[in-house]
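> sequence first, then the predicted structure:
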Amino acid sequence: MDEAPPEAIGSTDPPLEGGRSDVGRLDDLLWWIYGDHPPGMAAALLSHRLQRTPAPATAGWDQRTAVLIGYADAVQAPGEPGLRTLRRFLDQHCPGLFPVLHVLPFLESTSDGGFAISNHTRIDPAYGDWVDLAALAEGRTLMADLVLNHVSSSHRWVQDFRRGAVPGGQMVLARPSEEGWDQVVRPRSSALFTRVETAQGPRELWTTFGPDQVDLDWRNPAVLVEFVAQIDRLLSHGAHWIRLDAVGFLWKEAGSSCIHLPRTHALVKVLRMVLQAREFAAVMVSETNVPEEENLSYLRPGDEAQLAYNFPLPPLLLECLTSGRADLLNSWLCRWPVLPAGTALLNFSASHDGIGLRPVEGLMPEERLQRLLRHCEIQGGLISHRRRADGSDSPYEINITWWSAMADSGGGDTLQWERYLCSQLLVAALAGVPAFYLPTLLTSRNDRGRFARTGLRRDLNRERFLEEAVNRRLRDPDAPAARALAAIGHALRVRHQLRAFHPEAPMRCLSGSRSDLVLLRRGEDGHHVWAVHNMTAERLNLPLARLLQAADGQPLAPQPLVDRLSGSLLEAATPTIPPYGVLWLQGLG
């Protein structure tokens, strides 16, 4: 591949001139990224090569949109592929609740919960096949991972590299030079480079996430072409939401941090253009578990990701609920970002990964962070670390289930349920799209057995469920899992009816000076909901009408307030809100 011209390499922003056709704009981007590239590449990337499938029922999102996150084999039945069992479970227990299903990596892989992909064209037989994936998409929209940064060390491209074969051997990234990599930002404490034997002797491969995950060489435009083919494959089987996994690490340059570089952002623009040329209603989601402003950099341009994971939320929410102090959470909510139209945040409390700590750099004092870490260790959690550029290690994420983390600091389960439900209802009330992780929805405890078998800390929060056993739990109305599904399901159905909860409807935090509650106003043009969250273990007696008026600066309508969650009128001037209680208030009329 020819090198890009010096003026392109020296640029910091790609040229995107107005008035250019899509092909012309894409060609400008490709020239800026690669310099010389195959003739007609832009037109080829924008061509519609799909056997088109029905578009999602709604373009983008509205207040009915919620995401469920789960593994392809999250629910298991003997002798049956996981995708089929998952489909039956969701159809039975969650009809209509989660229009979008994020199926975590389902391709053949060798490690890291499916993120070390060894074959881009084959689904792991334990999960089923492409027909099963398309069947799961019936009646819902799938979100699927595009694991852009790396492949398994067993992938054909890595084996071609070791043999000296082309073109596959040119797809992976060997160490470009001996010097210039001392500022690389790492998400792990493993070695940045891994030594392998090749037909030409020992070589070093770049391994950002560990020795079984070999980074790809995005300087080669053939890598982009392969991932466009993968987008086609996913879209044609019902995955209309595409999650860009670990996207911030794609481009490497000596002497830099090798994260969020300008050409990484340019590649995201390219992928967005390619995706929406194929399906206008498709949604691109960025996944960057980094400090907040870095994360938002993939939304702010307006032509990159449409959704970004709201990574500061889980640690701030967890710290609030375990300390009983909402001051840090309120301070952050009062600075909620203004985003371009058509973009939003994906709000969640827990996911298949740990609770990331980099996103609260500068947001949580060290003393409060250390108390949070101690609380989670008392509840059976573990702390994972990353390697800093200076060679030291620092806490990177907390590995614990959300349900286990909701237990009292003294180790008991008093108010565990109340804390848990409060946290999930707050996720549903925030501006953006709410997302729920299946083990959290089913109140999983730390999976010590799985962790003991694998030694992987994240496996504490990756429980798999036997279908027969989980069905029994959900038939017992007193079981935490049954209570959680019923309560969250009810809240989502209420949410469906409230325009104020549209993901892009305005949100204002009205509790910035308080540490006992979180008070949010959602909506506009007379369609308002006030979401009140008691974030303490005490009952709160609140002069609610005066509180809302004082915080909002606007007089309330004369009609009484109704709590949409319970359907009850608030007749008392000073209602009592129980520990961790939540109200969704609206004027009756």
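Noted; the coordinates are in hand. This one's a predicted model, so the numbers in the text were calculated from it and none came from an experiment. Numbering: from 1, shown residues only.

> gap between the most centrally placed residue in the chain and residue 478?
Per C-alpha atoms, centre = their mean, the C-alpha nearest to the average position across the chain is that of residue 309, at 4.1 Å. Distance of residue 309 to residue 478, given as C-beta to C-beta, to the nearest Å: 34 Å. C-beta coordinates here come from the backbone N, C-alpha and C atoms, glycine included.

> low pLDDT regions in the chain?
Residues of the chain meeting the criterion pLDDT under 70: 1-13, 15-19, 48-59, 410-412, 549-559, 589.

> go again using 80 as the cut-off
1-20, 48-60, 387-391, 409-413, 526, 544-559, 571-574, 588-589 (pLDDT under 80).

> re the thing from before, if the residue nearest to the centre of the chain is in a bridge, with which residues?
Applying DSSP bridges to residue 309 yields these beta-bridge partners: residue 346.

> now it: how far from residue 242?
For residue 309, the distance to residue 242 equals 14 Å [C-beta to C-beta].

> mutual contacts of the two, please.
Counting by C-beta atoms under 8 Å, 6 or more residues apart in numbering, the shared contacts of residue 309 and residue 242 are residue 285.

> helix, strand or coil for residue 469?
helix (DSSP: H, G, I helix; E, B strand; the rest coil).

> and for it, the neighbour number?
Around residue 469 there are 11 other residues, counting by other C-beta atoms under 10 Å.

> same question for residue 36.
13.

> doesn't it belong to a strand?
No - assessed with three-state DSSP, residue 36 is coil; it does not lie in a strand.

> quick one, phi psi at it?
phi -60, psi 140 (degrees, to the nearest 10).

> and it, how close does it get to residue 219?
Taking C-beta to C-beta, one finds residue 36 at 12 Å from residue 219.

> how are the strands of the stretch 51-200 of the chain distributed by residue range?
Along the stretch 51-200 of the chain, counting by DSSP state E, counting those that start in this stretch, strands occupy 67-70, 75-76, 100-103, 107-109, 117-123, 141-147, 150-152, 193-198.

> quick one: strands adjacent to the third one?
So the one you mean is strand 100-103. strand 67-70 (parallel), strand 141-147 (parallel).

> distance between stretch 205-215 and the chain's centre?
Mean-position distance between stretch 205-215 and its chain equals 22 Å (C-alpha atoms, centre = their mean, to the nearest Å).

> what does stretch 329-344 give?
Relative to its parent chain, stretch 329-344 has a centroid offset of 16 Å by C-alpha atoms, centre = their mean.

> show residues contacting stretch 507-525.
With contact meaning C-beta under 8 Å, 6+ apart, stretch 507-525 is reached by 320, 325-327, 329-331, 333-334, 336, 426, 429-431, 498-502, 505-506, 528-536, 538, 540, 542, 547-548, 551-552, 577.

> separation between residue 35 and residue 253?
14 Å.

> one more: residue 264?
From residue 264 to residue 253 the distance is 10 Å (C-beta to C-beta).

> then residue 209?
Remark: distance between residue 209 and residue 253 (C-beta to C-beta) = 19 Å.

> higher neighbour count, the two?
Here residue 209 and residue 253 are set side by side on neighbour count (other C-beta under 10 Å), and the busier one is residue 209, at 20 against 15.

> and residue 584, that one's in a strand?
Yes - counting by three-state DSSP, residue 584 falls inside a strand.

> count of neighbours near residue 513?
Neighbour tally, residue 513, other C-beta under 10 Å: 10.

> that one: what secondary structure?
Using three-state DSSP, the structure places residue 513 in coil.

> neighbours around residue 568, how many?
For residue 568, the neighbour count with other C-beta under 10 Å is 12.

> and stretch 571-584, what's buried?
By neighbour count on 16 or more other C-beta atoms under 10 Å, the buried set for stretch 571-584 is 575, 577, 579-584.

> kindly reformat the residues you listed as JSON lines containing distance to residue 467.
Shown next, in JSON lines, are the buried residues of stretch 571-584 (distance: C-beta to C-beta, whole Å):
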{"residue": "575", "distance to residue 467": "42"}
{"residue": "577", "distance to residue 467": "38"}
{"residue": "579", "distance to residue 467": "35"}
{"residue": "580", "distance to residue 467": "32"}
{"residue": "581", "distance to residue 467": "34"}
{"residue": "582", "distance to residue 467": "31"}
{"residue": "583", "distance to residue 467": "36"}
{"residue": "584", "distance to residue 467": "33"}
